[in-house]
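Colleague: no FASTA, just this:
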C-alpha cells in the first residue's frame with residue numbers, strides 16, 4: 001500500500017480551498033463534512049480535526065486568502081479550546097498561540113482590504 005506523499009496532502013488542502021472559494025462555502029461546513037451545493041447535500045463520514053483545520057488555514061494564510069484564513073483559524077480555536085493538539089498526519093503540535101498569530105494577521109489584512117475598497 002502506497003501512502004499519500006506530502007505533496008498529495010498539500011494538493012488536497014488546495015482543493016478544499018478552491019471548493020471553498022468557488023462555491024462560497026463556510027469553513028465550518030467543510031470541517032463538519034456537510035456541504036450543500038446547488039441544492040444538493042454532500043456529507044462526509046468523518047469530520048476534519050483541529051489539526052486538519054489549522055493546516056488548511058495555514059495554507060490559506062501562506063496563499064494570501066485572508067478571509068478563508070480567518071474562518072479556518074476561528075474554527076480551529078473552537079475545536080482546540082485551551083489545549084494543544086497533535087496532528088496525527090504530520091506529527092506537528094498545534095498550539096493556541098500559533099492559531100491566534102495567524103488569525104490576528106488575517107484579521108488585519110481583511111480590515112485593510114475593507115478600507116481599501118471604500
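Modeller: Ah, there it is. Here the structure is a predicted model, which means the values were calculated and not measured.
Colleague: Just give me the longest helix of this protein.
Modeller: Assignment by DSSP state H gives helix 96-116 as the longest helix of the chain.
Colleague: neighbouring contacts of it?
Modeller: For helix 96-116, the external contacting residues (Cβ atoms under 8 Å, 6 or more residues apart in numbering) are 54, 57-58, 61, 64, 66-67, 69-70, 73-74, 76-77, 80, 82-84. No exception for glycine: its C-beta is placed from N, CA and C like everyone else's.
Colleague: 7 Å instead?
Modeller: 54, 57-58, 61, 66-67, 69-70, 73-74, 76-77, 80, 82 (Cβ atoms under 7 Å, 6 or more residues apart in numbering).
Colleague: what does stretch 18-26 give?
Modeller: In contact with stretch 18-26 (Cβ under 7 Å, 6+ apart) are residues 27, 30, 35, 37, 68, 71.
Colleague: Surely the last one is in contact with residue 27?
Modeller: Yes: taking Cβ atoms under 7 Å as the definition, residue 71 is a contact partner of residue 27 at 3.7 Å.
Colleague: Just give me how far stretch 2-21 sits from the chain centre.
Modeller: With Cα atoms, centre = their mean, to the nearest Å as the basis, stretch 2-21 stands 12 Å off its chain's centre.
Colleague: buried ones in that stretch?
Modeller: 13, 16, 17, 20 (16 or more other Cβ atoms under 10 Å).
Colleague: Let me have the residues you listed in a markdown table, extended by secondary structure.
Modeller: A markdown table is the format used below for these (DSSP: H, G, I helix; E, B strand; the rest coil):
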| residue | secondary structure |
| --- | --- |
| 13 | helix |
| 16 | helix |
| 17 | helix |
| 20 | helix |
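Colleague: Go through those residues and say which is closest to residue 117.
Modeller: residue 20 (20.8 Å; Cβ to Cβ).
Colleague: what about the closest one, distance to residue 93?
Modeller: Counting by Cβ to Cβ, to the nearest Å, the separation of residue 20 from residue 93 is 25 Å.
Colleague: got a winner among the contacts of helix 96-116 for most neighbours?
Modeller: Among the contacts of helix 96-116, residue 76 has the most neighbours (other Cβ atoms under 10 Å), with 30 neighbours.
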